[in-house]
Structure formats: C-alpha cells, structure tokens
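Participant: Here is my input, please return the structure:
(one chain, ligands or ions: 2)
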Amino acid sequence: MPELLISHHPVIHNKLAQLRAQDTPPAVFRKLVHELSFLLGVEATQDLATTEVQVQTPMQSCKAQILAESIAIVPILRAGLGMSVGLSGLLPDAPVRHLGMYRDEETLQPVAYYSNIPAGQCEDLVLLVDPMLATGGSALMAIEQIKRWQPKRIKFLALLAAPEGVAALHDAHPDVAIHLCVLDEKLSPKGYILPGLGDAGDRIFNT
Ligand code: PRP
Ligand code: URA
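Facilitator: Ligands and ions are numbered 1, 2, ... in the order given. A predicted model of the protein is given here:
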C-alpha cells in the first residue's frame, strides 16, 4: 500500500509557522528549511534496516546497530538544495545527486535542465527532496528519472504539499512513500500551494 506520512510533531509545526510567515527573513527561512528537513528526515528514516556490529567502548565491548542500507539524497534544484543541507546533516555519508528542474510559469510543466544521476551505480534507498509538492509535475518527472536508475526503494520528502500533488504522485507511483510536514488545502489557479509559503526557491535564495 502507498504510504502518506504527515508529521504531527509539535516542534515541526512550530517551525512551520515561522517558515510560512511572510516577514520571516531569508536567512531565518533557510535555517528553518535545514532544521525541518533534518527533523522530517528523522521521521522518514525510522524504518531503515540496521545490522549488528560489535563496538569497543572505553569500558567494554558491546553490540551496536549500524545502517545496513546505502542511501542517496536527491534534491530537485533549486529549492531542494535547502532540504539536502538538512538531510546531509542527518546522513553525512549519503551522496547527494542533483536533479535540475523548473516549472514553466505558464504551463506549470516541469522543464529538466540538469541531472547527475550516474549510470549503473545505485544506492538502495533514494530520498528525493523538494520542499514543495504542488501539481506534482516536478516530482513525477524526477521519479521517472530515478526509477531508470533502479533503486530498491524511493521516498519523497516535502515540507508542504497540495492534495492535487499527492494524488498525482500516488496514482503514478504508488510504491513511492510520501513524507510531509503538512498537507495544505489546495492549489491556487496559478499553481501555488494555499496557504503555502510562497515561492520556496525565491525565499531560500533571496531572489
Ligand atoms: C518549485 C518547487 C518544486 C516545484 C513544485 O520549484 O521547488 O520543484 O516548484 O511544483 P510542481 O509540483 O507543480 O511541479 P520551481 O519551479 O519554482 O523552481 P526553483 O526551485 O528553482 O525555484
Ligand atoms: N513552488 C513553490 O515554490 N511554491 C508553491 O506554492 C508551488 C510551487
């Protein structure tokens, strides 16, 4: 069954309130994106497989658990970069493989302009990250590219989503789990998430 996991964590929702506010300056906005991504990453990695190892503490030897799956972080540029900073803090050994896409303002269709997904080398789990899931067009195009790379599983992490984007993703890729901080009300006629936070890329990069 497809998974849609929406955070109920009070710290996440407290930070989201600050993130949404229109008078939050870019430096604070950027830091909140990093922090929220780290926290959402903790929630989204709860089911990672681990393997047992023996560790020597200063006191004695003991059993410990280490991650058993290899993980790649794939941000959709530009706004996904902000999330990859937080995710890299959580998973410092995970390679970051970028996908460049922007939404055409008229058609709302995604336009791909960059990919550094390598041929023939794939981590077990791909964490695809983008703060905004609006129509779902960008995420769908990204997942199609990632599936050609054949990871064992893909999780999509977004800070905010519109129901329209979630439905589009579920319909096309029911095997991809979706992790959100919050599910918003709807899309505006121009394809913005409502109530949303405006343009995530512009607010992260102060453009
Ligand atoms: C935003 C956002 C997503 C996309 C979501 O990117 O970061 O990638 O829009 O919309 P969709 O679900 O309708 O495809 P944008 O095109 O603004 O590019 P940017 O990150 O470079 O600002
Ligand atoms: N992209 C954004 O940055 N914000 C939205 O509300 C929708 C798409």
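Participant: does Y102 count as helix, strand or coil?
Facilitator: strand (DSSP: H, G, I helix; E, B strand; the rest coil).
Participant: Run a quick neighbour tally on it.
Facilitator: Neighbour count of Y102, defined by other C-beta atoms under 10 Å: 15. Placement of C-beta: from N, CA and C, glycine included.
Participant: residues in contact with it?
Facilitator: By C-beta atoms under 8 Å, 6 or more residues apart in numbering, the contact set of Y102 is 78, 110-111, 113.
Participant: rerun that using 10 Å as the cut-off
Facilitator: When contacts are counted by C-beta atoms under 10 Å, 6 or more residues apart in numbering, Y102 touches 76-79, 110-113, 138, 201.
Participant: I'd like those as TSV, with neighbour count and pLDDT appended.
Facilitator: Listed next are the contacts of Y102 as TSV, based on neighbours: other C-beta atoms under 10 Å; pLDDT from 0 to 100:
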residue	neighbour count	pLDDT
I76	28	98
L77	16	97
R78	18	96
A79	24	97
P110	20	96
V111	13	97
A112	15	97
Y113	10	97
S138	25	98
G201	20	97
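Participant: These: which ones sit near ligand 1?
Facilitator: The overlap between the contacts of Y102 and the neighbours of ligand 1 (C-beta under 6 Å from any ligand atom) comes to 76-79, 110, 138, 201.
Participant: Stretch 150-161 - what's its average pLDDT?
Facilitator: The average pLDDT for stretch 150-161 rounds to 97.
Participant: Name the SS class of the residue of the chain found nearest ligand 1, please.
Facilitator: Nearest residue of the chain to ligand 1: G201, at 2.3 Å (C-beta to the nearest ligand atom). Secondary structure state of G201, per three-state DSSP, is helix.
Participant: pretty sure it contacts R78?
Facilitator: Yes: taking contacts as C-beta atoms under 10 Å, G201 lies within contact range of R78: 4.4 Å.
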